[in-house]
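Novice: For reference, the sequence and a predicted model appear below.
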Amino acid sequence: MTIDRIVLAFAGSLVLLSLALGLLVNQYWFVLTGFVGLNLLQSAFTGFCPLALILKKLGWAAPGAAFC
């Protein structure tokens, strides 16, 4: 699994988790959904993703197209 796929899976998981928490616990969890969305948007334009950088330094996955 490449870094790019791990990042997408992690972002999708965080969005679903924060949506569930926002509906079931407190509406302020929707801020996390917005943060993840903004990070994905800036990553689409710049190619830079902080999670990809962390994963690369930890040596967890094969490199992908994400700029680190």
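Specialist: Received it, and whenever you're ready, just let me know what you need.
Novice: got a list of what the spatially most central residue of the chain touches?
Specialist: In the chain, the centroid-proximal residue (C-alpha atoms, centre = their mean) is Ala11; its distance is 3.3 Å. Going by C-beta atoms under 8 Å, 6 or more residues apart in numbering, Ala11 touches 36, 39-40, 51. The C-beta positions use only the backbone N, C-alpha and C, and glycine is treated the same way.
Novice: buried stuff in the strand or helix carrying it?
Specialist: Using DSSP states H and E, Ala11 falls within helix 3-24. Residues of helix 3-24 classed as buried by neighbour count (16 or more other C-beta atoms under 10 Å): 3-4, 6-7, 11, 14-15, 18, 21-22.
Novice: Kindly reformat those as CSV and extend each row with distance to Lys56 and pLDDT.
Specialist: Formatted as CSV, those follow (distance: C-beta to C-beta, whole Å; pLDDT from 0 to 100):
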residue, distance to Lys56, pLDDT
Ile3, 6, 85
Asp4, 11, 85
Ile6, 10, 89
Val7, 11, 90
Ala11, 16, 95
Leu14, 19, 97
Val15, 23, 96
Ser18, 25, 97
Leu21, 29, 97
Gly22, 31, 97
